[in-house]
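Chemist: need the 3D shape of this:
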Amino acid sequence: MVIRLDPVFEAFLHYARMIGVVDLAIVIVNYNVSDLLRRCLTAVFASNDDLEFVVCVVDNCSSDDSVSMVQSEFPEAFLIANETNVGYPAANNQGLRRLGIEAENGSEQPTYGLLLNPDTEVPPDAFSKLIDFLDGHLDVGVVGPKLVMLDGTLELACRRAFPSPEVSFYRMSGQPQSSAHQG
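Modeler: Numbering: from 1, shown residues only. Here you go, the predicted structure:
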């Protein structure tokens, strides 16, 4: 495993954690989707949110140019380049640990963690809306934001009903459900 560290950025991250200003730690696990990852990171770093966030890309042994692209185009991102594909969950854990989610001193932990897929392009205000929601709902531990396609339509994979025989029937038969049955 190769971890690229910029000493200046590393010092900033340590200082920011100590004074509690890292609002959001973003982990992106990548495998052979360099072009999608570039678009994702461009959108992330174009965020106009007034918050401090850090990004760690964990590459799962891609054979494309993902690692070199991140190194050359996004030096502000931490990069973990795995020598083998360790899988999605393990790679997320590597990134979360790298960004301090499991820090022994709780005051050095980022306030929130975000697992972001590399095929995601976030709107400029997405992170501030996410943080505002979480800050306003302290009883919430996990958030799954609404997913929309580039044309603005709802990504139907994000809308799932609670599994039941009735829901299965409608899904398998292709018949439309009334809104009362959509869960």
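
Chemist: can you tell me, leaving aside adjacent residues, what's nearest to the spatially most central residue of the chain?
Modeler: With distances taken as CA atoms, centre = their mean, Leu116 lies nearest the centre of the chain, 1.9 Å away. What sits nearest to Leu116 in space, not counting adjacent residues and going by CB to CB, 6 or more residues apart in numbering, is Ile28, at 5.1 Å. Backbone N, C-alpha and C define where each C-beta goes, glycine included.

Chemist: where along this structure do the helices fall?
Modeler: 7-18, 34-45, 66-73, 88-98, 126-136, 165-173 (DSSP state H).

Chemist: show me what the fourth one is packed against.
Modeler: Pointing back at helix 88-98 there. Contacts defined by 3 or more CB pairs under 8 Å, 6 or more residues apart in numbering; DSSP states H and E place helix 88-98 against strand 24-30, strand 53-60, strand 78-82.

Chemist: between that helix and strand 53-60, how many degrees?
Modeler: Helix 88-98 and strand 53-60 are oriented at 140 degrees to each other (axes from the mean of the first three to the mean of the last three CA atoms, to 10 degrees).

Chemist: which residues of this protein score low on pLDDT?
Modeler: For the chain, applying pLDDT under 70 flags the ranges 1-20, 103-108, 157-163, 167, 174, 176-183.

Chemist: how's it carved up into domains?
Modeler: Domain ranges of the chain: 2-136, 146-183, per automatic domain parsing.

Chemist: now, of those domains, which is deepest in the fold?
Modeler: Highest mean neighbour count among the domains of the chain (mean count of other CB atoms under 10 Å): domain 2-136, with a mean of 17.

Chemist: how about the helices of the chain in TSV, adding distance to Val58?
Modeler: Below are the helices of the chain laid out as TSV (distance: least, CB to CB, whole Å):
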stretch	distance to Val58
helix 7-18	16
helix 34-45	11
helix 66-73	10
helix 88-98	4
helix 126-136	19
helix 165-173	34
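
Chemist: so what's the residue count around His137?
Modeler: 10 (other CB atoms under 10 Å).

Chemist: what do you get for the one 4 residues further on?
Modeler: Using other CB under 10 Å, the number of residues around Gly141 comes to 7.
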